[in-house]
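Participant: take this sequence and fold it.
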Amino acid sequence: RSMIHNVSIFKVMSILTSYVAYFALMYYPISVGMIVRSTGDWVNILGENIPPHTRVMIPIYLLHRHPKYWTDPECFKPERWLNKNEKDPKFHHFAYLPFSAGPRNCIGQRFAMWEAKLILAPIIREFEMMISPSMDGEELKLVSFITIKSVPPIVIQAKPRS
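Facilitator: Numbers count the residues shown, from 1 in each chain. The predicted structure follows:
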């Protein structure tokens with residue numbers, strides 16, 4: 001393939017990252033949907049004094065949909081990730097936690113993002129993906145297991161691109 005094609009792939013990869021990685025992880029985080037930490041000292045959270053050794057839970061699923069941190073949080077807006085200089089004015093760095101954050105975040109975060117792109121790019125290039133017609137009328141429910149999953153499982157179809 002030509003060098004132009006190889007260089008242009010970086011732009012496509014940033015779009016793929018925006019649509020698939022960031023958007024998908026915002027709405028369907030990989031983790032069980034919750035981060036649990038224990039306080040070491042007295043901590044004040046939103047005016048409440050929390051004593052030492054208290055377990056604090058951060059619901060990632062809800063945090064990623066909270067209107068305090070996201071404009072139109074339920075809207076499909078993957079473009080919110082394309083230009084990092086024009087992020088949502090409500091955006092807060094710790095409002096997006098698909099891999100946790102801080103010293104105990106996922107050490108495989110970068111690997112997982114590259115792996116997703118490397119696997120999905122050729123699939124998307126070669127196939128048009130769609131939800132199977134057998135799913136018509138199905139009401140999906142997200143449940144927390146080891147990861148977040150849908151009940152019933154989503155059935156997809158792959159149609160070769162021409």
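Participant: dump the residue contacts of residue 96.
Facilitator: Neighbouring residues of residue 96 by C-beta atoms under 8 Å, 6 or more residues apart in numbering: 22, 26, 64. No exception for glycine: its C-beta is placed from N, CA and C like everyone else's.
Participant: now the last one: how far from residue 98?
Facilitator: What that stands for is residue 64. Remark: distance between residue 64 and residue 98 (C-beta to C-beta, to the nearest Å) = 8 Å.
Participant: which neighbours do the two share?
Facilitator: 26, 29.
Participant: all helices of this structure, in order?
Facilitator: Secondary structure of the chain by DSSP state H: the helices cover 3-16, 24-27, 60-63, 109-126.
Participant: residue 38 is nearest to which of these?
Facilitator: In this view, the helices of the chain are compared for proximity to residue 38 by C-beta to C-beta, and helix 60-63 is the closest at 17.5 Å.
Participant: and the contacts of that closest one?
Facilitator: Here helix 60-63 makes contact (C-beta under 8 Å, 6+ apart) with 29, 31, 33-35, 69, 95, 97-98, 142, 148.
Participant: least confident pick among the residues you listed?
Facilitator: Looking at pLDDT alone, the contacts of helix 60-63 dip lowest at residue 31, where the score is 67.
Participant: would you turn the helices of the chain into TSV with mean pLDDT?
Facilitator: As requested, those are arranged in TSV below (pLDDT from 0 to 100):
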stretch	mean pLDDT
helix 3-16	59
helix 24-27	80
helix 60-63	86
helix 109-126	84
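Participant: okay, the ones you listed in JSON lines with mean neighbour count next?
Facilitator: As requested, the helices of the chain are arranged in JSON lines below (neighbours: other C-beta atoms under 10 Å):
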{"stretch": "helix 3-16", "mean neighbour count": "11"}
{"stretch": "helix 24-27", "mean neighbour count": "18"}
{"stretch": "helix 60-63", "mean neighbour count": "18"}
{"stretch": "helix 109-126", "mean neighbour count": "13"}
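Participant: thinking again about what came up before, could I get the contacts of residue 96 as CSV with distance to residue 160?
Facilitator: Listed next are the contacts of residue 96 as CSV, based on distance: C-beta to C-beta, whole Å:
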residue, distance to residue 160
22, 28
26, 30
64, 34
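Participant: for residue 155, give me its contacts.
Facilitator: Residues touching residue 155, when contacts are defined by C-beta under 8 Å, 6+ apart, comprise 131-132, 134-135.
Participant: nearest spatial neighbour of it, skipping sequence neighbours?
Facilitator: Of all residues not flanking residue 155 in the chain, residue 132 sits nearest, at 4.1 Å (C-beta to C-beta, 6 or more residues apart in numbering).
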